[in-house]
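Peer 1: next one to model:
(chains A and B)
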Amino acid sequence: MNAIEIHDLHKGFEGFFLKDISFSVPQGTVMGFVGENGAGKSTTIKCMLNLIKKEYGEILLFGKDHVEHELSIKNDIGVVFDDLHVPETLNATQLDKIMRKVFQTWDSDYYFERLAQFKVPKRKKIKELSRGMRMKLSIALALAHHPKLLILDEPTSGLDPIIRDEILDLFLAFMQDETHSILFSSHITSDLEKIADYITLIHNGEILLSESKDALLYEYGIFKGNSEEVNDLPEHAILRTRPGAFGIEALVLKNEVNEAFRLERPSIEDIMLFFVKGSV
Amino acid sequence: MVGLILKDLMTIQRQMKAQAFVLIFLLVMAIFMQQSAMLLAVIVFIVTIQAITALSYDEHSKWDKYANTLPISKADIVFSKYILSVMLMIIGLVMALPIIFFINFFTNNDTSEFFLTFNLIVTSALCLLAVLLPIYIKFGSIKGRIVLIAFCFIPGFLTGMFKEYIPDMTQTFLYLKQYVYLAPLGGLILLCLSSLVSTAIYKRKEF
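Peer 2: As a prediction, the model looks like this:
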């Protein structure tokens, strides 16, 4: 079963469109959702959560329509945005009291365990917390009702590498249960390399690719050379080319290229740059 | 719903504490001036208007973006603000009434006059909320304030324009006075209608 299924999602704003977005997140996997700022990641996520209304298309979460079964779906998801959107005069203990009334499955013990693990002060007002602390609190809030799906919209942006690593470990622990899934939107591709099973790349409101991470990293290769050398590559093997520091760089299908060509292993960032800035 | 009201009460807690000092000052003033009606009006309005403070806090923190990811319906999110404001009004009355009866007991103010004032204050607080809440939900606190000012000027402007066509107001008021006990009920009905309008506005909003 797919935790998330999106078919032909369309949403238009002045000067920006989500164009027929389709991708799915199989249950038990982590989907990395990458794209530059303004590519449409947050808009897609907002459509999924019915924070903004889609124009047409189908969005299924746990196989159910996201508007028709909105409340039952929202019982099973945890959402983390790039900031904690709760009134700043509240503190973590007060949030526990509030959430106990919101979720039937709210687990106060688990919540306070996470706060202790992250060293988030229980009684300090949110406005007095650092950005890292606010994000950790936000994640503890998203996890404490034991959701099946986490929807994360840039949860690690603006955080230092140490905190990011701690947060990623927590997400990996969440994935120990094979019924759990994560949609992880980020432009920090190194984070996705650590935890994602699949990568979906969005650019200018369009999905450019949606594939398993291993397929991308092991089936793709980068060839660096001058234009004559690149011309020697089989044409059907070249996915994208772009000017490099010493000539031309080409993203190629590894299996379609003779072993005589020395290929480098791409990173998610390389692939993103080839698809966004390269030419066909 | 309970969670939302709890959240609002916790959010405005500090604000309420700050305003308690203002209330104590007013209480002393009211006792010296022997003006119980003024005290009632101020307490009811200060406490009731806290619902708007809660809305401003929500807006500042983009709470609605988060609240709509929780298993709470949009109608409940709006309705909770109405319940909160009526709850606050009742708290205000419970706080104010014993003090007012105490003042009246020593000053021998006319009780029937007081009943009239009480009805008018409660009704105007309800009507104020019925107008304020949809405006603030639709426009947010900054634009809402501008719309509200415009709203306040329009009746004055219209009265000025059509002064000669308006019959003697005093007569009308004297006639209406006998129905004053129905006024809070009217205010409550208006507040219910306002909640329906607000829900319709909120359902069309994007976050």
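Peer 1: list the residues that contact A:Gly12.
Peer 2: A:Leu18, A:Glu55 (CB atoms under 8 Å, 6 or more residues apart in numbering or on different chains). Backbone N, C-alpha and C define where each C-beta goes, glycine included.
Peer 1: same check, this time on the one 4 residues further on
Peer 2: Contact criterion CB under 8 Å, 6+ apart gives A:Gly38, A:Gly40, A:Thr43, A:Gly205 as the residues in contact with A:Phe16.
Peer 1: check B:Ile83 too.
Peer 2: Here B:Ile83 is in contact with B:Met1, B:Ile5 (CB under 8 Å, 6+ apart).
Peer 1: what residues does chain B put near chain A?
Peer 2: B:2-3, B:6-7, B:10-11, B:13-14, B:57-58, B:60-63, B:65-66, B:68-73, B:206-207 (CB under 8 Å from any CB of the partner chain).
Peer 1: filter the residues you listed to the buried ones?
Peer 2: Neighbour counting by 16 or more other CB atoms under 10 Å in any protein chain shown classes B:3, B:6-7, B:10-11, B:57-58, B:61, B:63, B:65-66, B:68-72, B:207 among the residues of chain B next to chain A as buried.
Peer 1: out of everything not next to it in sequence, what's closest to the closest residue to chain B within chain A?
Peer 2: Nearest to chain B in chain A, going by CB to the nearest CB, is A:Lys101, at a distance of 3.4 Å. The shortest distance from A:Lys101 to any non-neighbouring residue, by CB to CB, 6 or more residues apart in numbering or on different chains, is to B:Gly3 (3.4 Å).
Peer 1: so who does that neighbour touch?
Peer 2: With contact set as CB under 8 Å, 6+ apart, B:Gly3 has these partners: A:Ile98, A:Met99, A:Arg100, A:Lys101, A:Val102, B:Ile72.
Peer 1: surely the residue of chain A closest to chain B is in a strand?
Peer 2: No: counting by DSSP: H, G, I helix; E, B strand; the rest coil, A:Lys101 is not part of a strand but helix.
Peer 1: can you tell me how far the residue nearest the centre of chain B is from chain A?
Peer 2: The centre of chain B sits closest to B:Ala125, judged by CA atoms, centre = their mean, with a distance of 3.7 Å. The gap separating B:Ala125 from chain A is 24 Å, by CB to the nearest CB, to the nearest Å.
Peer 1: okay, helices next: where are they in the stretch 151-280 of chain A?
Peer 2: Using DSSP state H, counting those that start in this stretch, the helices of the stretch 151-280 of chain A run over residues A:161-174, A:189-195, A:213-219, A:227-232, A:268-277.
Peer 1: out of the contacts of A:Phe16, which is most surrounded?
Peer 2: Within these, neighbour counts (other CB atoms under 10 Å in any protein chain shown) peak at A:Gly40, which reaches 24 neighbours.
Peer 1: so what pLDDT did that one get?
Peer 2: A:Gly40 is assigned 90 on the pLDDT scale.
Peer 1: look up phi and psi at the residue lying closest to it once chain neighbours are set aside.
Peer 2: In space, and not counting its chain neighbours, A:Gly40 is closest to A:Gly205: 4.3 Å by CB to CB, 6+ apart. Main-chain torsions, A:Gly205, degrees, to the nearest 10: phi 80, psi 10.
Peer 1: just checking, A:Gly205 touches A:Leu18?
Peer 2: Yes: counting by CB atoms under 8 Å, A:Gly205 touches A:Leu18, with 4.6 Å between them.
Peer 1: any residues in contact with both of the two?
Peer 2: Common neighbours of A:Gly205 and A:Leu18, using CB under 8 Å, 6+ apart, are A:Gly40, A:Thr43.
Peer 1: to what extent is the nearest residue to B:Ser73 once chain neighbours are set aside buried, counted in neighbours?
Peer 2: Closest residue to B:Ser73 apart from its sequence neighbours, by CB to CB, 6+ apart: A:Leu71 at 6.4 Å. When neighbours are counted by other CB under 10 Å, A:Leu71 registers 11.
Peer 1: residues contacting residue 49?
Peer 2: Using chain A. So A:Leu49 contacts A:His66, A:Lys74, A:Val79, A:Ile151, B:Asn68, B:Thr69 (CB under 8 Å, 6+ apart).
Peer 1: wait, chain B was what I had in mind.
Peer 2: Taking CB under 8 Å, 6+ apart as the test, what B:Ile49 contacts is B:Leu128, B:Leu132.
Peer 1: returning to what we had before: which helix or strand contains the residue nearest to A:Lys101?
Peer 2: According to DSSP states H and E, B:Gly3 maps onto helix B:2-33.
Peer 1: and the end-to-end length of stretch B:28-43?
Peer 2: Start and end residues of stretch B:28-43 are separated by 13 Å (CA to CA, to the nearest Å).
Peer 1: what about the nearest residue to B:Ile146 once chain neighbours are set aside, which SS state?
Peer 2: Among residues not flanking B:Ile146 along the chain, B:Phe139 sits closest, at 7.8 Å (CB to CB, 6+ apart). On the three-state scheme (three-state DSSP), B:Phe139 is labelled helix.
Peer 1: B:Phe139 touches B:Val147, doesn't it?
Peer 2: Yes: with contact defined as CB under 8 Å, B:Phe139 and B:Val147 form a contacting pair (5.3 Å).
Peer 1: what's the burial count for residue 146?
Peer 2: Answering for chain A, as no chain was given. Residues lying near A:His146 (other CB under 10 Å) number 15.
Peer 1: you looked at the wrong chain, it should be chain B
Peer 2: 11.
Peer 1: surely it is within a strand?
Peer 2: No: counting by three-state DSSP, B:Ile146 is not part of a strand but helix.
Peer 1: can I get the contacts of A:Leu49 in a markdown table including pLDDT and distance to A:Glu128?
Peer 2: Formatted as a markdown table, the contacts of A:Leu49 follow (pLDDT from 0 to 100; distance: CB to CB, whole Å):
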| residue | pLDDT | distance to A:Glu128 |
| --- | --- | --- |
| A:His66 | 94 | 36 |
| A:Lys74 | 95 | 29 |
| A:Val79 | 96 | 24 |
| A:Ile151 | 96 | 28 |
| B:Asn68 | 95 | 26 |
| B:Thr69 | 95 | 24 |
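Peer 1: could you dump those residues to JSON lines with secondary structure and distance to A:Asn50?
Peer 2: Formatted as JSON lines, the contacts of A:Leu49 follow (DSSP: H, G, I helix; E, B strand; the rest coil; distance: CB to CB, whole Å):
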{"residue": "A:His66", "secondary structure": "coil", "distance to A:Asn50": "6"}
{"residue": "A:Lys74", "secondary structure": "helix", "distance to A:Asn50": "9"}
{"residue": "A:Val79", "secondary structure": "strand", "distance to A:Asn50": "12"}
{"residue": "A:Ile151", "secondary structure": "strand", "distance to A:Asn50": "12"}
{"residue": "B:Asn68", "secondary structure": "coil", "distance to A:Asn50": "7"}
{"residue": "B:Thr69", "secondary structure": "coil", "distance to A:Asn50": "9"}
